[in-house]
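In: What follows is a predicted structure for the sequence shown.
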Amino acid sequence: MSLLSSNAKISINPLKCLRTEYLYNDCSSCIEACPVEALSISHAKRISLDSAVCIDCNACIGVCPTTTFSNSEFDPIAFILKSGLDKDLVLSCKITGQCLSVFGVENLISLGLREKSLTLDMSHCKTCENINCDGKVEAQIRAAMSEANRFLAPIGINEIVAQETKLEMSRREALFSFATEAQALSDDSSEFDKLFDPKETLPKSRLVLQNSLKYSIENFTVQIIDDKFSFLSNKKIDFDSCTNCGDCLQFCPTNALFYGGEKTKILFQQTRCIACGICDDICKPKSISSDNNFDMVSLAFGRAEVLIENNFVTCKECKVDFPQKHSETVCNRCIDFIQNNTKLFTLARDM
C-alpha cells in the first residue's frame, strides 16, 4: 500500500513506518528534514504527505531508517549496486538527476566502502532555488557525509569529500556513460529487487551496507570503533532487572533481539539494529541500555551476542516457572501480590 504525490514520484509505504510498528514511537526524522513542511502527523498518528506542497526533494528518503519513502524515478539501492566497485565515483545531481539528499548515511558508507574514492558534487547547492532555497537540504547532505566519515575514518577507509566548484567539462564527458546508466535505473531497478528476500524485515540499505562491509573488511585497520551513530545502536540488558517478558523482542521491527535456548536466552545482532529506540521505550523495568562499541566483524557477518541467560525455577507459591536471578524461590509476581494485599491474609481475631 502506498500513497502517491500528484506527480507520482514520492510515495509512502505506511506499513514500513516505525509509527505503524509501535503506536507510541515518536520518530519524526522525515518531518524535520522536509524543507517545505509537506509532511505531518495525521489524527491517527501516522505520517501524512501533502502532495500539493511536496517538491520531490528526496530528503525524507535519505533520513528514513525503514525506507518508508521511495521515488519512482530513482532507487538509491539500485544505484549503489549498479555503480560497480573500486571506481573514483562522483555523485552529482546533474548526473543522477536527483538531489543528493536521496542518499542516506548508510548509502554513503556503502559507496565509501565499495569505491576507490567518493566525491559529492556540492557545487550546485548554493544556486538551487527549487530545493535548497533555505539551505536546509544542503545541511542534511553535509550532515550525512560527516556521519559517514565518522564511521569510515577509524577503519581506514578514504574520506568522502565534497566538490565545492563546478566540475570541468572534460570530467563531465568522462562520466557521461555512467550518467546514462543512472538515468536508466528507473527502467531496470526492479531487477535488483530479486536479490532481496521479500520476507526480510531488515531494510535494503542495511543489507547492502552489510555486504559492503564484507567486501572491504580485509582492509580495515581496526575491528572495534567507539562512536555514536544515528542509524545503529549496540544493546545491553541488565540481568537483575530484566523479567524476560519478551516485549522488546515482540516489538523489534527488524528482529535484532530474539530468543534462544527455549527462551532462556536473549540474543542481539548489531547488524540488524536500526536504533529506532522501541525496545528502550517499551521495557517497563528499563533494563535495556546502549553503548557505542561496534564490532565490524559482527556487523559484517551478522554475528549474534547473548545479552542475558536465565535459569528458570518453579515458584513455590504459584507453581509457575520464573527466571531466577539469585537464590529466590518465589517469583516477583507473587511477592508483589503478597506485599500489596497483606490485609487479605489478616485473620479476623488479629484485626
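Out: Looks like it came in fine.
In: give the contact list for V53.
Out: 36-38 (C-beta atoms under 8 Å, 6 or more residues apart in numbering). Placement of C-beta: from N, CA and C, glycine included.
In: just E106 next, same as before
Out: E106 sits in contact with 205-206, 208-209, 231, where contact means C-beta under 8 Å, 6+ apart.
In: returning to that earlier point: looking at the contacts of V53, which has the most residues close by?
Out: Using other C-beta atoms under 10 Å as the neighbour criterion, A38 leads the contacts of V53 with 22 neighbours.
In: Next up, the contacts around A256.
Out: 235, 268-270, 272-274.
In: sorry, back to before: got the contacts of V53 as CSV, with secondary structure columns?
Out: Shown next, in CSV, are these (DSSP: H, G, I helix; E, B strand; the rest coil):
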residue, secondary structure
V36, coil
E37, coil
A38, coil
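In: sorry, back to before: ok, so of the contacts of A256, who is nearest D26?
Out: I274 (15.2 Å; C-beta to C-beta).
In: what's around that closest one, how many residues?
Out: 22.
In: And the nearest residue to it once chain neighbours are set aside, how far from T96?
Out: With sequence-adjacent residues excluded and distances taken as C-beta to C-beta, 6 or more residues apart in numbering, I274 is closest to P65, at 4.6 Å. Note on P65: its distance to T96, by C-beta to C-beta, to the nearest Å, is 22 Å.
In: So between these two, which is more surrounded?
Out: The neighbour comparison of P65 against T96 (other C-beta under 10 Å) goes to P65, with 25 against 20.
In: Just the pLDDT at the more buried one, thanks.
Out: pLDDT recorded at P65 is 94.
In: Could you do F196 as well?
Out: The model's pLDDT for F196 equals 77.
In: Kindly provide the distance from it to I77.
Out: 9 Å.
In: and if you look at A153?
Out: Using C-beta to C-beta, A153 is found at 24 Å from I77.
In: count of residues packed around L23?
Out: Here the number of neighbours of L23 (other C-beta under 10 Å) works out to 9.
In: Please apply the same query to T314.
Out: Neighbour count for T314, taken as other C-beta under 10 Å: 13.
In: ok, it touching E328?
Out: No - the pair T314 and E328 does not pass the contact test of C-beta atoms under 8 Å, sitting 11.9 Å apart.
In: Burial check on N341, number of neighbours?
Out: Around N341 there are 9 residues (other C-beta under 10 Å).
In: again, but for A300
Out: 21.
In: Disregarding flanking residues, what is the spatial nearest neighbour of it?
Out: Excluding the flanking residues, the one nearest A300 by C-beta to C-beta, 6+ apart is L213, at 3.8 Å.
In: helix or strand for that neighbour, which one?
Out: helix 204-216 (DSSP states H and E).
In: Check which helices and strands that helix is in contact with.
Out: Secondary-structure packing of helix 204-216 (3 or more C-beta pairs under 8 Å, 6 or more residues apart in numbering; DSSP states H and E): helix 76-82, helix 105-114, helix 296-301.
In: so which of these comes closest to E147?
Out: helix 105-114 (4.9 Å).
In: so F251 touches T20, yeah?
Out: No - contact between F251 and T20 fails when scored by C-beta under 8 Å: they sit 11.6 Å apart.
In: Which residue ranges make up the domains of the protein?
Out: In terms of domains, the chain is parsed into 1-71, 73-222, 227-309, 311-350 (source: automatic domain parsing).
In: Over to the third one now: how far is its first residue from its last?
Out: For domain 227-309, the first and last residues are 27 Å from each other (C-alpha to C-alpha, to the nearest Å).
In: Quick check: mean pLDDT of that domain?
Out: The model assigns domain 227-309 a mean pLDDT of 94.
In: what about the stretch 1-150 of the chain, any weak spots by pLDDT?
Out: For the stretch 1-150 of the chain, the stretches with pLDDT under 70 are 1-8.
In: again, only using 80
Out: 1-8, 43-45 (pLDDT under 80).
In: For burial, what's the neighbour tally of L232?
Out: Applying other C-beta under 10 Å, we find 22 other residues in the vicinity of L232.
In: State the phi and psi torsions of it.
Out: L232 adopts backbone torsions of phi -150, psi 140, taken as degrees, to the nearest 10.
In: Okay, strands next: where are they in the stretch 151-300 of the chain?
Out: 161-163, 224-226, 234-237, 257-260, 265-269, 288-291, 293-295 (DSSP state E, counting those that start in this stretch).
In: quick one, which of those strands is nearest to E129?
Out: strand 161-163 (20.1 Å).
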